[in-house]
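Enquirer: need coordinates for the below:
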Amino acid sequence: MTSRDGYLQSVLDWASATDAVLAVIQTGSLARQDGSADQYSDLDIELISSDPDTLARDDEWLHQIGAPITVLRLEAGDEQPWPTRLAIYRGGVKIDFTVAGVERLQRLTAAGAGGLDDLYARGYRVLLDKAGVCALLPPAPYRFPPQRLPSQKEFQDSVEEFWFEAFHVPRYLVRGELWLVKQRDWTMKTLLLCMAQWHALALHGGKVDVWHNGLRMDQWTDRDTWHAMQQVFGRFDTADARRAFDATVELYGRLGREVAERTGLAYPQACEDQIQEWNRAVLARLRG
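Expert: Residues are numbered from 1 along each chain as shown. As a prediction, the model looks like this:
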């Protein structure tokens, strides 16, 4: 079995011999100083290239590093300015490659650009710099990025979207459409996570790291919220899906009202009340 360190050395050997690669920078948990890395941590690698388009278009170079089992190819988009190649190699080592041009670093070092972005601020390591393109990078402060609470419009839009999704679940339960219940439920869970993050920020005056995608939730939520989260996922049957739905809407409503109270925002209670009134009438048919 090839070790994670062995694959990292293979990346550096390949990059050193490839003219189009100017620098290799490691980010992610293995580059931070918060003790969050473990034996399951991925390698997060940024390849700074003089020709990133060619590396992205022809990624046979992935095989020069090792024998990939599978590769997920994500192209550049609005939320992701550079293409990525997420490769799982034999031995169970996953490497997330970002293929970027020199302008990736120029944006971080340009005057008035605000310094390092959130990813680099958490920690980074320059593993290879053949052309001096990393010379002006400021040192990482090893801190979590500041998070802001929502505006009234952002808050209201998010709450109303949650209750819009919640409106559909009871009718799908009555119809026995459990797959559609799960589809709507996952959108509700995404909005619940957002509200839980806002709740943590409101409780701690913004001085808490809420990470992303629910990572380390047990560390940044309060005890009551963490325990309540244990109830919001259900099995693929009507009775347990109903139980989990009730737990989800109860928790979301509580968190939303507490966020509003602590931040001076207005919670759209009328929206919740009217949706819940309709939902109770529909759900009563499950007992019939």
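
Enquirer: CA atoms for contacts and neighbours, from now on please.
Expert: OK.

Enquirer: contacts for the lengthiest strand in the chain?
Expert: The residue-count maximum for a strand in the chain (DSSP state E) belongs to strand 93-101. Contacts of strand 93-101 with the rest of the structure, by Cα atoms under 8 Å, 6 or more residues apart in numbering, involve 3-4, 7, 42-52, 55-56, 82-89.

Enquirer: number of nearby residues for Pro68?
Expert: Residues near Pro68, counting by other Cα atoms under 10 Å, number 19.

Enquirer: typed the wrong thing, it's Thr18
Expert: The burial count for Thr18: 12, using other Cα under 10 Å.

Enquirer: what is the least confident helix or strand in this structure?
Expert: Here the helix or strand of the chain ranked lowest by mean pLDDT, DSSP states H and E is helix 103-109, holding a mean of 86.

Enquirer: which stretches in the stretch 151-288 of the chain count as helices?
Expert: 152-175, 178-203, 217-220, 223-229, 238-263, 269-283 (DSSP state H, counting those that start in this stretch).

Enquirer: nearest to Val71 among those helices would be which one?
Expert: Checking the helices of the stretch 151-288 of the chain against Val71 by Cα to Cα gives helix 178-203 as the closest, at 25.7 Å.

Enquirer: which of the contacts of strand 93-101 count as buried?
Expert: With burial judged by 16 or more other Cα atoms under 10 Å, the buried subset of these is 4, 7, 42-52, 55-56, 82-89.

Enquirer: let me see the domain layout of the protein.
Expert: When the chain is parsed with automatic domain parsing, its domains come out as 4-129, 152-287.

Enquirer: nearest to Pro141 among those would be which one?
Expert: domain 4-129 (5.7 Å).

Enquirer: quick one, what contacts Thr27?
Expert: Thr27 neighbours (Cα under 8 Å, 6+ apart): Leu43, Asp44, Ile45, Glu46, Leu119, Tyr120, Gly123, Tyr124, Arg125.

Enquirer: go through these and flag which are in strands.
Expert: Among the contacts of Thr27, the members falling in strands (DSSP E) are Leu43, Asp44, Ile45, Glu46, Arg125.

Enquirer: the spatially closest residue to Phe164 that is not a sequence neighbour: what's it in contact with?
Expert: Leaving aside its sequence neighbours, Phe164 sits nearest to Ile275 (Cα to Cα, 6 or more residues apart in numbering; 7.9 Å). Counting by Cα under 8 Å, 6+ apart, Ile275 touches Trp163, Phe164, Ala166, Phe167.

Enquirer: most neighbours among the residues you listed, please name it.
Expert: Across those, neighbour numbers were computed from other Cα under 10 Å; Ala166 holds the maximum, 24 neighbours.

Enquirer: that older thread, from the helices of the stretch 151-288 of the chain, which stretch is densest packed?
Expert: Across these, averaging neighbours per residue (mean count of other Cα atoms under 10 Å) puts helix 178-203 on top, at a mean of 20.
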